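1. Pasted the sequence and its predicted model underneath.
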Amino acid sequence: MIDLSASTSSASPDSPRVSAYGMSLSDWEEWLGAQGQPKFRAKQLVEWIFGKRAKTFSEMSNLGAALRQRLEASFSLARLPVSKVSGSQDTTRKFLFRLEDGRYVETVMIPASVSFAGERSDRITLCVSSQVGCAYGCKFCASGLAGFTRNLSAGEIVGQVITAEEEGNEVVRNMVFMGMGEPLANLPRLAKALEILNAPWGLNIGARHMTVSTSGLAPQIEKLAEIPMQIRLAISLHGATDEVRDRIMPVNAKYNIDRLFRSLAVWKEQKKQMVTFEYILIEGVNDDVEQARILAKRTRALRAKINLIPYNTVEGLPWKRPSEQQQQAFLSVLRKAGVSATLRTEKGHDINAACGQLRLKEETAEGLVVSAVAS
Ligand code: SAH
Ligand code: SF4
């Protein structure tokens, strides 16, 4: 029996059709086999779906009429309905997508000229969401404020890319899983989506151009390390000691810094690749130079890169960003200790500014919070 659990949307009993965007080549081979069809049709199907971006099964002219009808009855090629687009082509564009069950997620398209982790990219970057809401409840984050609603299916993750490319009239060559949700809490669907995004028969996005960000789910980091793909890993650290991390990130009670760093050693061993640490600077919480010294000591051995991000204020939360002088002092301790670190300075001109704190504002403005979180 074909397992579509990673492909299907978890909701909508009245719409049983599975998104074709969550189906891998081997899923199609299995499904076609069960229909008494030859395996080679799977290649034709993915070419229509991902290569030609077909909008209907009826246009798939090299498939027989009976097969097209069966496909039509079981699968959907629908793009994610766009509820709202904000921003502009030269800054960032945010898409608010309405999902089949009436929930909302955001996807952010960042143009090539905007920097990420201190580096300028010559490619457009798409920041995608992995869940509706987030269960991890970091004290500073808007995405976690309303709690967790549900995982996105692989089809909904890939669907964000397909729809954003079409709506934004761009080809996505860089991706970050830094939208709403904790991607590693949705690992089976994330893994399926990564396979489809990376495959030559799929969206063909280079593994090295896909970054998965996590708040530190150590066992899942070790599992992700086993996936044979050179994807990048970013860790939302935000504190160099358990004392500081405990204060702002409840996940630290489960996987403390020692446990987290053990998982990063596994990652480094498997991937032969360094990780990036995201470190939001929050005034009076994690911005003193002593934290910077400890941070330098802990990360030097990993030869990791640190991306310092001045905190973006979230309405209703008490946290503030430190003065520029304090930000520079923190940066300078790291650099003097020989750690590779960057600090975002231009306001709004960084991926993190664009996609670190999604959804809440838009939904409040539209009065959507209740429908998006009620379950
Ligand atoms: N759950 C994953 C993926 C989300 S990434 C994770 O936490 O890594 C979103 C990034 O934006 C995280 O590094 C998060 O800590 C950061 N972030 C959240 N709220 C922010 C804020 N108000 N200002 C700046 N960065 C923020
Ligand atoms: Fe969830 Fe990441 Fe926000 Fe924490 S920072 S609440 S893990 S989305």
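-> Perfect, thanks for sending it. Residues are numbered from 1 along each chain as shown. Ligands and ions are numbered 1, 2, ... in the order given.
2. Next, the contact list for the closest residue to ligand 2 within the stretch 1-150 of the chain, please.
-> Closest residue of the stretch 1-150 of the chain to ligand 2, CB to the nearest ligand atom: G144 (2.7 Å). All C-beta spots, glycine's among them, are computed from the backbone N, C-alpha and C. For G144, the contact set (CB atoms under 8 Å, 6 or more residues apart in numbering) comprises 133-138.
3. what's the neighbour count on G316?
-> By other CB atoms under 10 Å, the residues close to G316 number 9.
4. Next, work out how far apart it and H238 are.
-> The gap separating G316 from H238 is 19 Å, by CB to CB, to the nearest Å.
5. What of Q131?
-> From Q131 to H238 the distance is 19 Å (CB to CB).
6. Which of the two has more residues huddled nearby?
-> Neighbours were counted for Q131 and for H238 using other CB under 10 Å; H238 has more, 28 against 25.
7. Verify the stated contact: the more buried one with L295.
-> No. Contact criterion CB atoms under 8 Å: H238 and L295 do not qualify, at 10.2 Å.
8. can you pull the contacts of the residue in the stretch 251-375 of the chain positioned nearest to ligand 2?
-> For the stretch 251-375 of the chain and ligand 2, the shortest gap (CB to the nearest ligand atom) falls at V251, measuring 6.6 Å. For V251, the contact set (CB under 8 Å, 6+ apart) comprises 136, 138, 215-217.
9. And ligand 1, is stretch 309-322 touching that?
-> Yes. Using CB under 6 Å from any ligand atom, we find that stretch 309-322 touches ligand 1 at 309, 311-312, 314.
10. averaged over its residues, what pLDDT does that stretch have?
-> The pLDDT scores in stretch 309-322 average 89.
11. That stretch and ligand 2, are they touching?
-> No. Stretch 309-322 lies apart from ligand 2 when judged by CB under 6 Å from any ligand atom; the minimum separation is 10.3 Å.
12. Could you do stretch 180-194 as well?
-> Yes. Stretch 180-194 comes into contact with ligand 2 (CB under 6 Å from any ligand atom), by way of 181-182.
13. Start at 35, not 1
-> Fine by me, first position is 35 from now on; the one you just mentioned is stretch 214-228.
14. what's the span of that stretch, first residue to last?
-> End-to-end distance for stretch 214-228: 17 Å, by CA to CA, to the nearest Å.
15. Let me see the ranges of the helices in the protein.
-> 59-68, 75-80, 99-108, 188-202, 221-232, 252-260, 276-282, 285-288, 291-305, 323-334, 358-370, 385-389, 394-400, 403-407 (DSSP state H).
16. can you tell me which of the ones you listed comes nearest to F91?
-> The minimum distance between F91 and the helices of the chain falls on helix 99-108, with 4.5 Å, by CB to CB.
17. The closest one: which residues count as buried?
-> 101-102, 104-105 (16 or more other CB atoms under 10 Å).
18. Which residues of the stretch 85-234 of the chain lie near ligand 1?
-> Close to ligand 1, as judged by CB under 6 Å from any ligand atom, the stretch 85-234 of the chain has residues 168, 174-175, 212, 216.
19. got the residues of the stretch 85-234 of the chain near ligand 2?
-> By CB under 6 Å from any ligand atom, the residues of the stretch 85-234 of the chain that approach ligand 2 are 168, 170-172, 175, 177-178, 215-216.
20. Can you tell me which of those residues is closest to R223?
-> G215 (10.7 Å).
21. out of the residues of the stretch 85-234 of the chain next to ligand 1, who's nearest V142?
-> Using CB to CB, these come closest to V142 at M212, 8.6 Å.
22. Can you get me a residue count around the closest one?
-> Each residue near M212 was counted by other CB under 10 Å, and the total is 27.
23. Who's the closest spatial neighbour of M263, skipping the chain neighbours?
-> A241 (4.4 Å; CB to CB, 6 or more residues apart in numbering).
24. Just give me the neighbour total for the one you found.
-> Neighbours of A241 (other CB under 10 Å): 14.
25. swap in K288?
-> 13.
26. repeat for the one 3 residues further on
-> By the measure other CB under 10 Å, the count of residues near I291 is 20.
27. got the contact list for the nearest residue to it once chain neighbours are set aside?
-> Leaving out its chain neighbours, the residue that sits closest to I291 by CB to CB, 6+ apart is D276, at 5.5 Å. By CB under 8 Å, 6+ apart, D276 lies in contact with 286, 290-291.
28. Dihedrals phi and psi, R113?
-> Torsion angles at R113 (phi, psi; degrees, to the nearest 10) stand at phi -70, psi 170.
29. For it, which non-adjacent residue is spatially closest?
-> Nearest residue to R113, sequence neighbours excluded (CB to CB, 6+ apart): T197, at 4.3 Å.
30. what's the distance between that neighbour and ligand 2?
-> 22 Å (CB to the nearest ligand atom, to the nearest Å).
31. How many neighbouring residues does that residue have?
-> Neighbour number of T197 under other CB under 10 Å is 19.
32. dump the residue contacts of it.
-> 113-114, 116, 129, 131, 141.
33. want to try TSV for those, with pLDDT as columns?
-> Formatted as TSV, the contacts of T197 follow (pLDDT from 0 to 100):
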residue	pLDDT
R113	97
L114	97
V116	95
F129	91
F131	94
T141	93
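34. Most neighbours among those residues, which one?
-> That'd be T141 among the contacts of T197, by other CB under 10 Å, with 27 neighbours.
35. returning to what we had before: farthest pair within the buried residues of helix 99-108?
-> It's R102 and R104 that sit farthest apart of the buried residues of helix 99-108, by CB to CB, at 7.4 Å.
36. Excluding chain neighbours, what is closest to R296?
-> Using CB to CB, 6+ apart, the closest residue to R296 is A252 (6.9 Å).
37. Contact partners for that neighbour?
-> 289, 293-294, 296-297.
38. Those: which two are farthest apart?
-> Within the contacts of A252, Y289 and R296 form the most distant pair, 9.3 Å apart (CB to CB).
39. Before I go, just wanted to say thanks for your time.
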